[in-house]
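Student: okay, structure incoming, though there's no sequence with it:
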């Protein structure tokens, strides 16, 4: 029995040992030397400054520090390079933490992952990238998790909606892309979306198209019903007016015909009015059904088993706009093993999120207790009501 357990542990150890971590950033000591802030918006005075912070609530003040946007209405760009790798034939796992302590209304929490060369200070919104992933908000209309792939020089947005977390606490976003052209999106290590790249993005043209040599025959009848030719409008149909004088209306006592003119009762809708006459509808004896355009194979369609694959990943970066600053990015992890990413999250994200939530709830409870112990004076309360 001991041998079996030891063997299982050895197999597990080998499996994790084979996992490759291409990049891992916890924003600890020396992070400034590994990251290069963008300068592309400096001339416009719109380049925001990054600070190193953990926010108001945290589990460990030092360990939970990340990079935080610090100025409102600014663009934020920063990137870091790493040893070039290709995900061809392997799983790709992209993972990061982000929180919006400012209660985000318009701003991004996504990352971009790109190919050589590393953009450095020249990083900007048009810098080519392979994948963009993470939450984005702008008012009630834009609240989504972006999953954008660049394929043959064009950026392709996911066609399905993935809702992000919109509270002020830390959340974990994970994208897993597999060599069988499938994907998963996890939020806080819980699956939020899964599917096929070929179905949830328009990477490839349609397999079939309408036959351009075919068109609906000119004598095709696709009207399912027609007016009954035997149905005739009753002779007295139009004798009933739409409106009538209100029988309950009375001439005002102070009405003077000489001064005011002849009094007329106001009109009301005639309850006996039948409306515009229309013939009854009957099945069309010539109906052939809805014409269906014949389809043919699309000559431009070609299967691609390597949609998922990129020859070159060399950098990761943040490129976002913030109306209200305060967003914190932390614990970026790039590798080829989802289990290893989950194990890393268990070590970093889970205790951070748990401690942060406890600190937040404790502060909220203390705030409510203080408000209950010190209610506003009655005069102030009445003034508040008047203002409302």
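Tutor: Received it, and whenever you're ready, just let me know what you need. All of these numbers come straight from a predicted model, not from anything done at the bench.
Student: show me what contacts the closest residue to residue 127 other than its chain neighbours?
Tutor: Spatial nearest neighbour of residue 127, chain neighbours left out: residue 119 (4.9 Å); criterion: CB to CB, 6 or more residues apart in numbering. Every C-beta, even on glycine, is put in place using the N, C-alpha and C of the backbone. Neighbouring residues of residue 119 by CB atoms under 8 Å, 6 or more residues apart in numbering: 38, 79, 127, 315, 317.
Student: farthest pair within these?
Tutor: Using CB to CB, the contacts of residue 119 reach their maximum pairwise distance at 38 and 315, which is 12.0 Å.
Student: who touches both of the two?
Tutor: Taking CB under 8 Å, 6+ apart as the criterion, residue 38 and residue 315 both touch 79, 119.
Student: which secondary structure elements does the helix ranked longest in the chain contact?
Tutor: In terms of residue count, the longest helix belonging to the chain (DSSP state H) is helix 349-373. Under the contact criterion of 3 or more CB pairs under 8 Å, 6 or more residues apart in numbering; DSSP states H and E, helix 349-373 touches strand 92-99, strand 171-177, strand 328-335.
Student: distance from the chain centre to the first one, please.
Tutor: Between the mean C-alpha location of strand 92-99 and the chain-wide mean there is a distance of 16 Å, by CA atoms, centre = their mean, to the nearest Å.
Student: what's the following helix or strand after it?
Tutor: Counting by DSSP states H and E, the next helix or strand C-terminal to strand 92-99 is strand 106-108.
Student: buried ones in that next one?
Tutor: 107-108 (16 or more other CB atoms under 10 Å).
Student: on contacts alone, who are the packing partners of that strand?
Tutor: On a contact count with 3+ CB pairs under 8 Å, 6+ apart, strand 106-108 meets strand 131-138, strand 313-322.
Student: so which of these is nearest residue 373?
Tutor: Among those, strand 131-138 comes nearest to residue 373, with 35.7 Å by CB to CB.
Student: what strands flank the closest one, and is each parallel or antiparallel?
Tutor: strand 106-108 (antiparallel), strand 111-114 (antiparallel), strand 142-151 (antiparallel) (DSSP bridges).
Student: in TSV, list those along with mean pLDDT and distance to residue 283.
Tutor: Formatted as TSV, the strands paired with strand 131-138 follow (pLDDT from 0 to 100; distance: least, CB to CB, whole Å):
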stretch	mean pLDDT	distance to residue 283
strand 106-108	95	55
strand 111-114	98	59
strand 142-151	97	47
